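Q: What follows is a predicted structure for the sequence shown.
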Amino acid sequence: MPTAMSDARVLEAAECAATPTLARRAAYPARAIARAEAPLTAGTDQYMRRAARAVAGACLAELRELRGSVAGSRVLVLVGGGRNGGDALLAGALLARRGARVEARPATDHPHGAALSEARAAGVAVADAPAPSPVLGGAAADLIIDGLTGIGASGPLRPRAAALIAPLIAAGAPGERAFRVLAVDVPSGVGVDDGSLPGPVLAADRTVTFTCPRGAHLLPPAAPLSGRVDVVDLGLPVPTGSEPLASVPDPALLAALLRAPGATDHKYTRGVVGLHAGSEAYPGAAVLAVSGAIRAGVGMARIQAPRRAVDLVLASRPEAVPAIGRCQAIVVGPGTHRADQPRAEELRGALRAALRRGSGEGQWAVIDAGALPLLPDLLGEGLICGPEHVLTPHAGEAAALLSGLGLPATREEVEAAPASAARGLAGATGATVILKAVPALIARPGGGPVLSLDAGPGWLATAGSGDVLAGALGAVLAAVRADRERAEGHQRGELSIGAAGLLLEDAVALAAAASVRLHADAGRLASGQALGRGHEGRPIAALDVADHLSCARQRLRAQALPHDQPASLAETGRN
Ligand SMILES: NC(=O)C1=CN([C@@H]2O[C@H](COP(=O)(O)OP(=O)(O)OC[C@H]3O[C@@H](n4cnc5c(N)ncnc54)[C@H](OP(=O)(O)O)[C@@H]3O)[C@@H](O)[C@H]2O)[C@@H](O)CC1
Ligand SMILES: Nc1ncnc2c1ncn2[C@@H]1O[C@H](COP(=O)(O)OP(=O)(O)O)[C@@H](O)[C@H]1O
Ligand SMILES: [K+]
């Protein structure tokens, strides 16, 4: 058994080694993870010990941040019947040896035998009854370790486990309650692969997972319940033989799309976007979408809208050009409603010109808000979407569009299984889809793992925020297309800029991801959340988000490309 001294050294090392927030970016199915691990983990608990050290290291960091010290802190360990419970018990033992008062509550009559013995030997008190409240010897716990279930579980938590977490759930959400929750591998009770919520789940402040993320860390609705996710390398293999379920794009690849203009650039090489945005009823949306495009860095923004909306745009953005001419990308639909017949007819015209008639590439386009319900009829006319067409629905719009395409769905169904809705919509239309969920999801028409992106602070849930995103996306698409057009005019290798070497589908998906990232970061900057953990931020208006896009872009370039080395976009592949 390790000594207290060696425990201390091991724990400090674990604290340093825990790579925060998804250093490994692709989530694989639980079955594939278990299969890849099995040859190494059979007959040994050394990997469980490594896992427990990483969990204990994260617990130490949480307790120090919460209380300033570990000694005397109160820790409650929730223990299931598998190795997830074993990880939690061994972590509890390590914390007990560091002076924490640790109590374990099993949800099973058969906790991991060796781990239970070791926990008892380290001074962990093992209680039997379900906890009526987050108490420990009469005093409130500082930290809960959720080790009920991990990748070996299925379905909703069984009653005994559910009874343990019920009073803890009732104590409030992370940040609102007096204790912190650290989940081992996943918050117990989530759909590990599909991110579903089949029953009650205790939301974690932090989750320590192993080898690679699980679907539940990247896919809504479960993803936000993981809190901060640390992916810890235990020396076990990533199951690269299977296709990932979802992945988080490398920020360096997104930053590489957003190159700074050089000596040979002019406004047309930086991209021109044409916005069909705003209406008599919603003229402000035109201002928001145009501002989003300009602040995201477009060379020129053209606007087509009713007079009232154009006047508003020009009053605040005199650089906008009130005529649609040649553009590298268009944005169709922000601030419009299909019931506005004359405006819907104008949008239909723009979409007819943008969609494909055969196999050739169409006009790159963002199809948003009031333009989305027009799609089923246009597709019925024989027009075709390609990856260069990006749909930007929220759950309600996605449900309506799926239904319009003959795949009946309700908003609730999309919210319960957003990844499957995004994939279904991309497959049914042939377009790239950004589903505005938390996190945001990007699905490609050719299938493959969905991209998962932090949607930014909840303050972004404010009217007009989606109009800003549509404009920013139009700007990024226009820049990417301008770079590709420019590269096509040169000998291969002579000009290596932007997304020149990528498949169309990957270039557009990454451009979509880059704009979601800029939008989320702009929301963080505008709300003051960028100050770091513990800063909940302040309310923002949609125009604040647009105003912070340029700063977000600058920071992404500076943070993701610290040595001015452009990332290799040729290596993106599917994840
Ligand atoms: N491979 C390794 O060596 C490593 C694995 N590691 C860790 O092991 C975890 C995987 O361990 P695992 O495979 O033992 O499964 P686990 O997630 O603990 O769940 C199975 C248990 O839960 C029970 N149960 C099932 N469904 C349930 C429900 N709905 N509600 C309640 N209970 C339910 C089920 O009961 P049974 O069906 O047997 O009655 C069984 O007792 C993994 O996530 C990681 O943390 C790390 O240590 C690194 C090395
Ligand atoms: N809780 C949230 N957390 C983070 N971002 C959110 C949240 N709710 C909404 N958003 C973001 O705000 C935007 C809202 O878009 P949308 O629903 O189209 O609004 P609008 O039509 O008013 O512009 C989307 O980008 C979405 O991802
Ligand atoms: K767990």
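A: Perfect, thanks for sending it. Numbering: from 1, shown residues only. Ligands and ions are numbered 1, 2, ... in the order given.

Q: Export stretch 182-189 to PDB, keeping only CA atoms.
A: Taking Å, rounded to 0.1, in the frame of the first residue of the first chain, the C-alpha atoms of stretch 182-189 are listed here in PDB:
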ATOM      1  CA  LEU A 182     -17.000  15.900  -9.200                       C
ATOM      2  CA  ALA A 183     -18.200  13.200 -11.600                       C
ATOM      3  CA  VAL A 184     -16.000  10.200 -12.300                       C
ATOM      4  CA  ASP A 185     -16.000   9.600 -16.000                       C
ATOM      5  CA  VAL A 186     -19.500  10.900 -16.600                       C
ATOM      6  CA  PRO A 187     -22.300  12.300 -14.500                       C
ATOM      7  CA  SER A 188     -24.100   9.000 -13.500                       C
ATOM      8  CA  GLY A 189     -27.300   8.400 -15.300                       C
END
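
Q: chain center to it: distance?
A: Relative to the centre of its chain, stretch 182-189 is centred 18 Å away, using C-alpha atoms, centre = their mean, to the nearest Å.

Q: does any bit of that stretch sit next to ligand 3?
A: Yes: interface with ligand 3: stretch 182-189 contributes 183, 184, 188 (C-beta under 5 Å from the ion). Yep, even glycine has a C-beta here, placed from its N, CA and C like the rest.

Q: ok, now stretch 28-41?
A: No: judged by C-beta under 5 Å from the ion, stretch 28-41 and ligand 3 are separated, with a smallest distance of 12.5 Å.

Q: All the strands of the stretch 101-250 of the chain, in order from the start?
A: 101-106, 125-126, 135-136, 139-140, 143-147, 180-184, 206-210, 228-232, 246-247 (DSSP state E, counting those that start in this stretch).

Q: Redo those as CSV? Include mean pLDDT.
A: Output for the strands of the stretch 101-250 of the chain, formatted as CSV (pLDDT from 0 to 100):
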stretch, mean pLDDT
strand 101-106, 96
strand 125-126, 94
strand 135-136, 60
strand 139-140, 71
strand 143-147, 98
strand 180-184, 97
strand 206-210, 98
strand 228-232, 96
strand 246-247, 96
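
Q: now those in TSV, with mean neighbour count and distance to residue 406?
A: What follows is the strands of the stretch 101-250 of the chain, written out as TSV (neighbours: other C-beta atoms under 10 Å; distance: least, C-beta to C-beta, whole Å):
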stretch	mean neighbour count	distance to residue 406
strand 101-106	24	50
strand 125-126	16	56
strand 135-136	18	54
strand 139-140	12	54
strand 143-147	30	42
strand 180-184	29	40
strand 206-210	26	39
strand 228-232	21	37
strand 246-247	26	26
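
Q: will you turn those strands into TSV that also has distance to residue 86?
A: Converted to TSV, the strands of the stretch 101-250 of the chain look like this (distance: least, C-beta to C-beta, whole Å):
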stretch	distance to residue 86
strand 101-106	11
strand 125-126	14
strand 135-136	21
strand 139-140	26
strand 143-147	8
strand 180-184	9
strand 206-210	13
strand 228-232	16
strand 246-247	27
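
Q: how about those in JSON lines, adding distance to ligand 1?
A: Converted to JSON lines, these look like this (distance: least, C-beta to the nearest ligand atom, whole Å):
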{"stretch": "strand 101-106", "distance to ligand 1": "10"}
{"stretch": "strand 125-126", "distance to ligand 1": "17"}
{"stretch": "strand 135-136", "distance to ligand 1": "22"}
{"stretch": "strand 139-140", "distance to ligand 1": "25"}
{"stretch": "strand 143-147", "distance to ligand 1": "7"}
{"stretch": "strand 180-184", "distance to ligand 1": "5"}
{"stretch": "strand 206-210", "distance to ligand 1": "5"}
{"stretch": "strand 228-232", "distance to ligand 1": "9"}
{"stretch": "strand 246-247", "distance to ligand 1": "18"}
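
Q: wait, which of these is closest to residue 34?
A: Nearest to residue 34, of all these, is strand 206-210, at 11.5 Å by C-beta to C-beta.

Q: who does that closest one touch, helix- and strand-wise?
A: helix 46-67, strand 180-184, strand 228-232 (3 or more C-beta pairs under 8 Å, 6 or more residues apart in numbering; DSSP states H and E).

Q: Next up, the contacts around the residue in the stretch 351-500 of the chain positioned nearest to ligand 1.
A: With C-beta to the nearest ligand atom, the shortest gap between the stretch 351-500 of the chain and ligand 1 falls at residue 416, namely 17.9 Å. Listed by C-beta atoms under 8 Å, 6 or more residues apart in numbering, the contact set of residue 416 reads 196, 197, 221.

Q: do you know how far the first one is from ligand 2?
A: Shown here: residue 196 relative to ligand 2, a distance of 19 Å by C-beta to the nearest ligand atom, to the nearest Å.

Q: Hmm, that residue is touching residue 221, no?
A: Yes: using C-beta atoms under 8 Å, residue 196 is in contact with residue 221, at 7.2 Å.

Q: I'd like to know how many residues surround residue 176.
A: 7 (other C-beta atoms under 10 Å).

Q: Which residues are in contact with it?
A: Residues near residue 176 by C-beta under 8 Å, 6+ apart: none.

Q: and stretch 58-73 with ligand 1, contact?
A: No: between stretch 58-73 and ligand 1, judged by C-beta under 6 Å from any ligand atom, nothing touches; the nearest distance is 13.2 Å.

Q: just how off-centre is that stretch within its chain?
A: Distance, centroid of stretch 58-73 to centroid of chain: 28 Å (C-alpha atoms, centre = their mean).

Q: same question, stretch 426-439
A: That offset, for stretch 426-439, works out to 14 Å (C-alpha atoms, centre = their mean).

Q: for stretch 390-403, same thing?
A: The answer for stretch 390-403 is 18 Å, by C-alpha atoms, centre = their mean.

Q: tell me the domain boundaries of this structure?
A: Annotated domains of the chain cover 4-247, 251-571 [automatic domain parsing].

Q: Pick out the shakiest of the ones you listed, pLDDT-wise.
A: Mean pLDDT per stretch puts domain 4-247 lowest among the domains of the chain, at a mean of 89.

Q: got the contact list for the residue in the chain positioned nearest to ligand 3?
A: Closest residue of the chain to ligand 3, C-beta to the ion: residue 188 (4.1 Å). Contacts for residue 188 (C-beta under 8 Å, 6+ apart) come out as 78, 80, 84, 146-150, 153, 157, 161, 165, 201-202.

Q: What is the most widely separated pair among those?
A: Longest span within the contacts of residue 188, C-beta to C-beta: 150 and 165, 14.9 Å.

Q: The residue nearest the centre of the chain and ligand 2: what is the separation?
A: When C-alpha atoms, centre = their mean is applied to the chain, the residue found nearest the centroid is residue 453 (2.8 Å). Using C-beta to the nearest ligand atom, we find residue 453 at a distance of 9 Å from ligand 2.
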